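Undergrad: This is a predicted model, with the sequence first.
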Number of protein chains: 4
Amino acid sequence: METTIKILEKVKLKNPLLVEGLPGIGNVGRVAAGYLVNELKMKKFAELYSPHFLPLVILQNDAVAGMLKCEFYYHKGKKRDIIVLTGDTQSITPEGHYEICGKILDFVGKMGVKELITLGGFAEGKEVVEPRIIGAVNDKKLLKKYDKLGIDFGKEHPIGTIVGASGLLLGLGKVHGIDGVCLMGETFGLPLITDPKAADRVLHVLIKVLGVKVDMSKLENTIKEMEERIDKTDKIHKKMLQQISKGKPEDIKYIG
Amino acid sequence: METTIKILEKVKLKNPLLVEGLPGIGNVGRVAAGYLVNELKMKKFAELYSPHFLPLVILQNDAVAGMLKCEFYYHKGKKRDIIVLTGDTQSITPEGHYEICGKILDFVGKMGVKELITLGGFAEGKEVVEPRIIGAVNDKKLLKKYDKLGIDFGKEHPIGTIVGASGLLLGLGKVHGIDGVCLMGETFGLPLITDPKAADRVLHVLIKVLGVKVDMSKLENTIKEMEERIDKTDKIHKKMLQQISKGKPEDIKYIG
Amino acid sequence: METTIKILEKVKLKNPLLVEGLPGIGNVGRVAAGYLVNELKMKKFAELYSPHFLPLVILQNDAVAGMLKCEFYYHKGKKRDIIVLTGDTQSITPEGHYEICGKILDFVGKMGVKELITLGGFAEGKEVVEPRIIGAVNDKKLLKKYDKLGIDFGKEHPIGTIVGASGLLLGLGKVHGIDGVCLMGETFGLPLITDPKAADRVLHVLIKVLGVKVDMSKLENTIKEMEERIDKTDKIHKKMLQQISKGKPEDIKYIG
Amino acid sequence: METTIKILEKVKLKNPLLVEGLPGIGNVGRVAAGYLVNELKMKKFAELYSPHFLPLVILQNDAVAGMLKCEFYYHKGKKRDIIVLTGDTQSITPEGHYEICGKILDFVGKMGVKELITLGGFAEGKEVVEPRIIGAVNDKKLLKKYDKLGIDFGKEHPIGTIVGASGLLLGLGKVHGIDGVCLMGETFGLPLITDPKAADRVLHVLIKVLGVKVDMSKLENTIKEMEERIDKTDKIHKKMLQQISKGKPEDIKYIG
């Protein structure tokens, strides 16, 4: 089985921009993307499955099991449309990150995406009182465009790498001719801790870039609602990855 | 070499239902599936080999070596036919689980399977006096169907994930348009210990769902007969996986 | 790059039988196969390269670097021809074993091979004074054929598995319709120790099966000549595999 | 996504010779290749991306993120042209080394390359006062050709293996019918330490072989300029590989 994108609805989008928010440090990207999906009442139109995800299904409280997946949502805007990519997980293998990001870019490229924004957390390793937004672009010419949004493009805050989808979508995007920016909210970076404050900061910058109106007052509540599923997938990933690394792969192999 | 299904007999089946019981916790699924195959005198019609199994052959006491494999059996019923999938092993890699389950669903889908039941154990981590059957479905609408069978669909017993074939066949089944339910017998969950009581409980529910008559009195005896092969494959898996995780891959590499 | 067989000479063989002797416990198979190649003055006609070997080249003392490879040799016999498969290494990944053995069987199958013999050592974990030959077949009907050769087919000596090429060539051979027997010489099984006595015992049985005349007096000398290359590849494998398992993959990554 | 070579400029080259200098021990090859590119003002004409690199992007100080990649440069010479292959990284998987080197040889083979030189460091594990150049070839006939250049072809200095691209390009080159020599500068071999002296020695031999004039006086300065990027990629690799081996793969999975 290869990484597969299942299309649920065929949509034609107007100059669409891709926003990616997948699980990661402080769950900043996932929470911000999820809130945007909720507030804009975005509609899911595609799902991505991959053999590079953990080999298991997640159960909701109603005993319904479902695949680990990433999801594509769309929003019809006045000037342009928005695609949001969010989901339960990222690749558990290095090659998988490349395969998945390649498939995503092929898919959204065909839909006309020429610009993308990836969201994430930036782990400071200590308490962050006033989280800044750290930015990175995939082409120097883009720095001007994002000039007046209060994003820190690394002058005082040099970072070395961006790992996973938020990084590779920028890098591979460049190869595909897609402009990209990554917005990272500063956060402590403790495992399994969702950081609403960093997500709030990222969202503030994001909605300015997107030119959409979003009521930010419900973020804390929405996070509480999302928490259950986030918590479940976070714990699964942590536990599974520990078992893999502690050499207990037999525990992963099956329940059934 | 890819995961391959070798067809031994071409059969046409009437609205067939797939029952999966592969090795796993307490060997509940494997034992239950094996007993069903024995009692219904089911006939093997296909075998599955995979590069995601351990790279070795198993020797029977008569010095005949054979591949690790999964096996497909069929039973011609009055109203509908049954396919049972059982075998020696599951994938030893995460990607392999996806590949193997994808191939299985392609294969049985072409045979007309629209419904599947996966069997397994549910590890309680402690002695279980009266094992319950924990259930999960891949579509909410199925909960009604299995309503009156004494299956616990998680209200008092929330579980988070189902790992391996029993889980992925549900999840990928949904993507293939196949309805699925997973029946898990509560068991202690100690490694290398087969739990006949949990298998017995699973079988009782299973035969009600299937509408077949099965003499349950021989289960303990049959388990004793199966024990030798189960024991061998269990020990092999345990030993091999320990060697992989303890960093002695050279020991796995070859006898010959 | 896939596993590739490079043909050096196109040969037509008469009812050829494949003998496999690759590195393994006590290097019994490799040494026995190598001696046969020497004594029968067999000619190399093909080489196998694989991405599942270690990513390095071996240097001979003359500073000439060459790929890790397996090699196919042929011998024209009176009644039937013989192919010997020997080489520096086996797969370092589980999937690789399946891929490589699958390619080998496809290749020799096209040349008309209907029968194969795999050679190896059987680790006793203690000093062996009078090494026996332990055997396994891939079809019950073959037991009769090898009845009178003093091979122990497991009655007193049950073994559970045969790992690597010697095992998978039997198992996959069966799937390809090729009859197979594995001959294993009992040996201590210490790492990096070549066991000439076990190789001698295996060769004695092998030449009876093959019906060829081989002067056995030069074995010790030939082993001494082979020792340098065997030693080099053994040490490389041991060192590399230790580094992989001790988590120093950076050391493997490159010299250059 | 497969390993991909993106062509930036279509060039026709005259009997081109490939020089490879990728990261490795003492960064000898990378520094020597990079200096040659600088001094000959070579032009980049192709880039190689691979799913076998770490799944991340590197950020320059200007906040521009770019893929990990290898780069091909060309130089138009009087008698013959030169291609230099250098870059940030090598494969992080064994299979990846084979895939990447296979793709490189296919690519340069089509451009007419019949000869290649790989550059690297040779770790002595102790201080080296006067670094020698250790050499290896992929065909005995080449020893004569490099006879008078002061290269030590292993008589006093037997080495066993060459790991990674510098080795596999020799070995696979032979299979592709491309003559190859590897030049290794003796160095201490400490991690993360670039050795300018060994690079200087390698360059002296290399420019004699290439028949080009290169001002060697700027090497130390150029290394200082290269140091920032080298340092960044070195540290990333070291950190990532440690995390992989220490069983903290979750840390690698994402920032975003």
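TA: Thanks, I have it. Numbering: from 1, shown residues only, chains lettered A, B, ... in the order given.
Undergrad: Tell me where the stretch 51-200 of chain A has helices.
TA: With helices called from DSSP state H, counting those that start in this stretch, the stretch 51-200 of chain A shows them at A:94-110, A:142-145, A:165-175, A:196-210.
Undergrad: Just say which of those is most tucked in.
TA: Across the helices of the stretch 51-200 of chain A, the average number of neighbours (mean count of other CB atoms under 10 Å in any protein chain shown) peaks for helix A:165-175, which reaches a mean of 28. In short, each C-beta sits where N, CA and C put it, glycine included.
Undergrad: for it, packing partners?
TA: strand A:17-21, helix A:94-110, strand A:115-123, strand A:179-187, strand D:56-59, strand D:65-67 (3 or more CB pairs under 8 Å, 6 or more residues apart in numbering or on different chains; DSSP states H and E).
Undergrad: got the angle between the second one and strand A:17-21?
TA: This means helix A:94-110. Calculated by axes from the mean of the first three to the mean of the last three CA atoms, to 10 degrees, helix A:94-110 forms an angle of 150 degrees with strand A:17-21.
Undergrad: So is helix A:94-110 next to chain C?
TA: No. Helix A:94-110 stays clear of chain C (CB under 8 Å from any CB of the partner chain), getting no nearer than 11.8 Å.
Undergrad: Show me what that helix is packed up against.
TA: The contact analysis (3+ CB pairs under 8 Å, 6+ apart) places helix A:94-110 against strand A:4-7, strand A:43-49, strand A:70-75, helix A:165-175.
Undergrad: how distant is that helix from the center of its chain?
TA: Put simply, helix A:94-110 sits 14 Å off its chain's centre (CA atoms, centre = their mean, to the nearest Å).
Undergrad: Keeping just the C-alphas, turn stretch A:101-110 into CSV.
TA: C-alpha atoms of stretch A:101-110 as CSV (Å, rounded to 0.1, in the frame of the first residue of the first chain):
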residue,chain,number,x,y,z
CYS,A,101,4.9,15.7,1.6
GLY,A,102,5.6,14.8,-2.1
LYS,A,103,2.1,13.4,-2.5
ILE,A,104,0.5,16.4,-0.7
LEU,A,105,2.3,18.8,-3.0
ASP,A,106,1.4,16.8,-6.2
PHE,A,107,-2.2,16.9,-5.0
VAL,A,108,-2.6,20.5,-4.1
GLY,A,109,-0.4,21.6,-7.0
LYS,A,110,-3.0,20.1,-9.4
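Undergrad: Show me what it is in contact with.
TA: Contact with stretch A:101-110 is made by A:3, A:5, A:16, A:18, A:20, A:46, A:48, A:70, A:72, A:83, A:85, A:116, A:165, A:168-169, A:172-173, A:176, A:178, D:1, as judged by CB atoms under 8 Å, 6 or more residues apart in numbering or on different chains.
Undergrad: mind running it again at 6 Å?
TA: A:3, A:5, A:18, A:165, A:168-169, A:172, A:176, D:1 (CB atoms under 6 Å, 6 or more residues apart in numbering or on different chains).
Undergrad: ok, so of those, who is nearest B:Asn27?
TA: Nearest to B:Asn27 out of those is A:Thr3 (CB to CB; 32.6 Å).
Undergrad: Tell me the confidence at the closest residue to that closest one other than its chain neighbours?
TA: Among residues not flanking A:Thr3 along the chain, A:Ser50 sits closest, at 4.1 Å (CB to CB, 6 or more residues apart in numbering or on different chains). Looking at A:Ser50, its pLDDT stands at 98.
Undergrad: A:Ser50 is in contact with A:Tyr98, isn't it?
TA: No. At 11.5 Å, A:Ser50 does not count as touching A:Tyr98 under the criterion of CB atoms under 6 Å.
Undergrad: residues touching A:Ile236, list them.
TA: Under the criterion of CB under 6 Å, 6+ apart, the contact list for A:Ile236 reads B:Thr161.
Undergrad: That one sits in which helix or strand?
TA: helix A:219-245 (DSSP states H and E).
Undergrad: tilt between that helix and helix D:219-245?
TA: Going by the same axes, to 10 degrees, helix A:219-245 makes 90 degrees with helix D:219-245.
Undergrad: Would you check that A:Val163 makes contact with D:Ile58?
TA: No. Using CB under 6 Å, A:Val163 is not in contact with D:Ile58, being 10.6 Å away.
Undergrad: From chain B, how far out is A:Tyr98?
TA: Noted for A:Tyr98: a distance of 14 Å to chain B, by CB to the nearest CB, to the nearest Å.
Undergrad: Now do the nearest residue to that residue once chain neighbours are set aside against D:Gly24, distance only.
TA: Leaving aside its sequence neighbours, A:Tyr98 sits nearest to D:Pro51 (CB to CB, 6+ apart; 3.5 Å). Using CB to CB, to the nearest Å, D:Pro51 is found at 21 Å from D:Gly24.
Undergrad: Same question for A:Val181.
TA: Between A:Val181 and D:Gly24 the distance, using CB to CB, works out to 34 Å.
Undergrad: Tabulate the contacts of stretch A:101-110 (JSON lines), appending pLDDT.
TA: Formatted as JSON lines, those follow (pLDDT from 0 to 100):
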{"residue": "A:Thr3", "pLDDT": "97"}
{"residue": "A:Ile5", "pLDDT": "97"}
{"residue": "A:Leu18", "pLDDT": "98"}
{"residue": "A:Ala165", "pLDDT": "96"}
{"residue": "A:Leu168", "pLDDT": "97"}
{"residue": "A:Leu169", "pLDDT": "98"}
{"residue": "A:Leu172", "pLDDT": "97"}
{"residue": "A:His176", "pLDDT": "94"}
{"residue": "D:Met1", "pLDDT": "84"}
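Undergrad: and of the residues you listed, the nearest to A:Glu127?
TA: Closest to A:Glu127 out of the contacts of stretch A:101-110 is A:Ala165 (26.9 Å), distances taken as CB to CB.
Undergrad: excluding its backbone neighbours, what's nearest A:Trp65?
TA: I think there's a mix-up here, since residue A:65 is Ala and not Trp. In space, and not counting its chain neighbours, A:Ala65 is closest to A:Val57: 4.1 Å by CB to CB, 6+ apart.
Undergrad: let me redo that: A:Glu95
TA: Nearest residue to A:Glu95 in three dimensions, chain neighbours excluded: D:Pro51, at 4.2 Å (CB to CB, 6+ apart).
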